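**Student:** pasting the sequence and the predicted model now:
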Amino acid sequence: MTAVHTEFAVPESRTARHPVTAPVPLARVLQVELRKMFDTRSGFWLMASIGITELLATAAVILFAPDRDLTYSNFGAAIGAPMAVILPIVAILSVTSEWSQRSGLTTFTLVPQRGRVIGAKAIASVLVAVVSMLLAFAIGAIGNLVGTAIRGTTVVWDISFAQGLCIVLANVLGLLTGFMLGVLIRNSAGAIVGYFVYSFVLPPLLAVLAASQQWFEDLRGWVDVNYAQGALFNVTPSGEQWAQIGVTGLCWLIIPLLVGLRLVMRSEVK
Amino acid sequence: MITIDALTKRYGGYTAVDDISFTARPGRVTGFLGPNGAGKSTTMRIVVGLTPPSAGRATIAGRRFADLPNPGLQVGVLLDASAQHAGRTGREILTIAQRTMGLPAGRVRDMLDLVSLTGAEAERRVANYSLGMRQRLGIAVALIGDPEVLVLDEPANGLDPAGIRWMRDLLRGYADRGGTVLLSSHLLHEIEVIADDIVVIGNGRIVSQGTKTELLQAAGTVVRAADLDGLARALSGAGCTVSRSADGAIRTDADPVRIGELALRAGIALTELRPADGAGLEEMFLQLTAETQREGAAA
């Protein structure tokens, strides 16, 4: 036993080699989480598909749209459609892969503050959304210039800066909806199906309900989150529409996100 | 140092870990031994903060794992070598760990060398790794932060005999330099060859713990004689436990000196007399965990 006791001194010198005061800073976690979005083959192609679909959508408008529809807003709308699908999936997979691929066992032992990891993923996802949208506006602008030059029509710039911001916000909200479902469900397939139900199955059903029931038609802006956020794509929203975006966002995004975060904090990582 | 104090984990009415306490000390390899489903993995997940305990606590150098500022530099963890994104390359998984801990990039190369993964293997995606390669990668991730404590769940699974030998030498050297190693296994032999201290767990409870030497002594003595029945009578007559093995030997809790005296008095010539050692430890392991093991009755 004496031999063992003399060895006790060694770990202390090992500890001294690492000053244990510095926690893992958020910036470093963010950098790592961004890297993890690109470093698998599926992740890389998911990211690449953002640029690829933006180019395809632009080319389709140039090839197929009638001359009068060669406007910047139509390029924007065409590019926005694939973004509404891909960006939420980016956010979903960044969260759910930790559970579905079980890499969370390593992630959450290296950074036990799970809120910090999830926060870094949220920031990384929003960064990807903003950069994707800026890229979309740039590709749309080039498409608008090239398309009108080919067809010999006048160039129409019909998206104001404020409208542009609203469109970015709408896409960020869509991405955060995916993020929320990822945190809440923590399973890739489940969260993606959840997002499609939420964004593509519910809206037409609610539209049918609104068409047949006057009381729901009157109430719709305050309960139908997709309908409320739709205002962001059209013209600049009114004060009431902003309020509706806020109320539906609170009920359909913030509250479920908080529930999901609470589950993430307390759940077992297996 | 890992201190586990009255740790309990319940899932509804099922108690996976039932009030266990033990310490894994620096400079020693502590083997955590038990049959499948005994609660080893649950305990280890609680130690590294992935599972919240129902009661009790687990600390590393006096602090809860979640309170360690940059835990990768203090505790190396390998819970499941397959729990990695299958689409990442081995090198990328190490790079993520290196970046998270804020280590120099050269550590990735060092670790690949340490665990003998070649450059070409490191560029392959983990989906294409054998279990043995995943274990090596997992060990590399655990060691990259040069931690003082290692927590390894079944690290020898999937390794070939040379790999097991390599792992044993690696962990021995690590402990000899003052590190604390807690490793689990359901294979007695693995634990026996590497551990200094052994904690045996069954059905969520600790059934035995101590240094390997103590447990080996407790395993008793093996004795053979031409007149086996006479010897058995002499031993049980003196109040010693007697169990006959199929290969014509008697295992007893009496020490060799006492057996020699009893045999002399009974006029029986012994053909073999030795401490039970490994074989005895296995017998003990099967006995200790008999009620909890699926094949309990057969043991």
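**Tutor:** Arrived safely, thanks for sending.
**Student:** and the gap between residue B:97 and chain A?
**Tutor:** Here the criterion is Cβ to the nearest Cβ, to the nearest Å. By it, residue B:97 lies 6 Å from chain A. From N, CA and C alone the C-beta is placed, and that goes for glycine too.
**Student:** doesn't that residue lie inside a strand?
**Tutor:** No - assessed with DSSP: H, G, I helix; E, B strand; the rest coil, residue B:97 is helix; it does not lie in a strand.
**Student:** run a quick check on it versus residue A:109, I expect a contact.
**Tutor:** No - the pair residue B:97 / residue A:109 is not scored as a contact, 10.0 Å apart, by Cβ atoms under 8 Å.
**Student:** which residues do the two both contact?
**Tutor:** Here residue B:97 and residue A:109 have residue B:72 as joint contacts, going by Cβ atoms under 8 Å, 6 or more residues apart in numbering or on different chains.
**Student:** quick one: contacts of stretch B:247-267?
**Tutor:** Contacts for stretch B:247-267 (Cβ under 8 Å, 6+ apart): B:220-225, B:228, B:230-235, B:238, B:240-245, B:269-270, B:272-276, B:280, B:283.
**Student:** stretch A:36-48 now?
**Tutor:** Applying Cβ under 8 Å, 6+ apart, the external contacts of stretch A:36-48 come out as A:86, A:89-90, A:93-94, A:124, A:128, B:85, B:87-88, B:92, B:96, B:125.
**Student:** tell me how far it is from the chain's mean position?
**Tutor:** Centroid separation between stretch A:36-48 and its chain, computed with Cα atoms, centre = their mean, to the nearest Å, is 15 Å.
**Student:** before we move on, what SS does the residue in chain B positioned nearest to chain A have?
**Tutor:** Per Cβ to the nearest Cβ, residue B:178 is where chain B lies closest to chain A, at 2.7 Å. Following three-state DSSP, residue B:178 is assigned to coil.
**Student:** tell me the centre residue of the chain?
**Tutor:** Since you didn't name a chain, this refers to chain A. Compute the mean C-alpha point of chain A, and by Cα atoms, centre = their mean the closest residue is residue A:175, 2.3 Å away.
**Student:** right idea, wrong chain: chain B
**Tutor:** Note on chain B: the residue nearest the mean C-alpha position is residue B:31, at 2.9 Å, using Cα atoms, centre = their mean.
**Student:** who's in contact with the residue nearest to that residue when sequence neighbours are not counted?
**Tutor:** The spatial neighbour of residue B:31 that comes closest, neighbours along the chain excluded (Cβ to Cβ, 6 or more residues apart in numbering or on different chains), is residue B:195 at 3.0 Å. By Cβ under 8 Å, 6+ apart, residue B:195 lies in contact with B:29-31, B:33, B:183, B:212.
**Student:** of these, which belong to strands?
**Tutor:** Among the contacts of residue B:195, the residues falling in strands (DSSP state E) are B:29-31, B:33, B:183.
**Student:** identify the residues contacting the residue of the stretch 101-250 of chain A found nearest chain B.
**Tutor:** Across the stretch 101-250 of chain A, no residue is closer to chain B than residue A:102, which sits at 3.7 Å (Cβ to the nearest Cβ). Counting by Cβ under 8 Å, 6+ apart, residue A:102 makes contact with A:270, B:80, B:82-84.
**Student:** what ranges do the helices span in chain B?
**Tutor:** For chain B, applying DSSP state H gives helices covering B:40-47, B:90-101, B:106-114, B:119-122, B:131-143, B:161-176, B:188-194, B:212-218, B:228-237, B:256-266, B:277-288.
**Student:** same question but for the stretch 51-200 of chain A, I mixed them up
**Tutor:** Remark: helices assigned in the stretch 51-200 of chain A by DSSP state H, counting those that start in this stretch are A:72-100, A:104-110, A:114-151, A:161-185, A:188-196.
**Student:** ranking those by burial, who's on top?
**Tutor:** Highest mean neighbour count of those: helix A:104-110, a mean of 24 (counted as mean count of other Cβ atoms under 10 Å in any protein chain shown).
**Student:** for that helix, packing partners?
**Tutor:** helix A:72-100, helix A:114-151, strand B:75-78, helix B:90-101 (3 or more Cβ pairs under 8 Å, 6 or more residues apart in numbering or on different chains; DSSP states H and E).
**Student:** show me the one of the helices of chain B that comes nearest residue A:262.
**Tutor:** With Cβ to Cβ as the measure, helix B:40-47 is the member of the helices of chain B nearest residue A:262 (19.9 Å).
**Student:** near chain A, list only the ones from the contacts of stretch B:247-267.
**Tutor:** Among these, no residue is within reach of chain A (Cβ under 8 Å from any Cβ of the partner chain).
**Student:** got a PyMOL select line for the buried ones in the residues you listed?
**Tutor:** Applying 16 or more other Cβ atoms under 10 Å in any protein chain shown to the contacts of stretch B:247-267, the buried members can be selected in PyMOL as follows:
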select buried, chain B and resi 220+221+222+223+224+225+228+231+232+234+235+240+242+270+276+280+283
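**Student:** mind putting the contacts of stretch A:36-48 into TSV with distance to residue A:232?
**Tutor:** What follows is the contacts of stretch A:36-48, written out as TSV (distance: Cβ to Cβ, whole Å):
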residue	distance to residue A:232
A:86	18
A:89	20
A:90	20
A:93	25
A:94	24
A:124	23
A:128	19
B:85	34
B:87	35
B:88	36
B:92	38
B:96	36
B:125	40
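**Student:** hmm, back to that, just put the helices and strands packed on helix A:104-110 in TSV and tack on mean pLDDT and distance to residue A:213.
**Tutor:** As requested, the helices and strands packed on helix A:104-110 are arranged in TSV below (pLDDT from 0 to 100; distance: least, Cβ to Cβ, whole Å):
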stretch	mean pLDDT	distance to residue A:213
helix A:72-100	93	27
helix A:114-151	95	35
strand B:75-78	97	56
helix B:90-101	97	52
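**Student:** which stretch among those comes nearest residue A:239?
**Tutor:** Closest approach to residue A:239 among the helices and strands packed on helix A:104-110 is made by helix A:72-100 (23.2 Å; Cβ to Cβ).
**Student:** tell me the angle that closest one makes with helix A:188-196.
**Tutor:** Counting by axes from the mean of the first three to the mean of the last three Cα atoms, to 10 degrees, helix A:72-100 lies at 150 degrees to helix A:188-196.
**Student:** what's helix A:72-100 packed up against?
**Tutor:** Using 3+ Cβ pairs under 8 Å, 6+ apart as the contact test, the elements touching helix A:72-100 are helix A:26-38, helix A:41-64, helix A:104-110, helix A:114-151, helix A:161-185, helix A:188-196.
**Student:** quick one: that helix to helix A:161-185, angle?
**Tutor:** With the same axes, to 10 degrees as the basis, helix A:72-100 and helix A:161-185 are set at 20 degrees to each other.
**Student:** quick one: helix A:72-100 to helix A:114-151, angle?
**Tutor:** Using the same axes, to 10 degrees: helix A:72-100 against helix A:114-151 is 150 degrees.
**Student:** residues touching the closest residue to residue A:144 other than its chain neighbours, list them.
**Tutor:** The shortest distance from residue A:144 to any non-neighbouring residue, by Cβ to Cβ, 6+ apart, is to residue A:72 (4.8 Å). Going by Cβ under 8 Å, 6+ apart, residue A:72 touches A:140-141, A:144, A:156-159.
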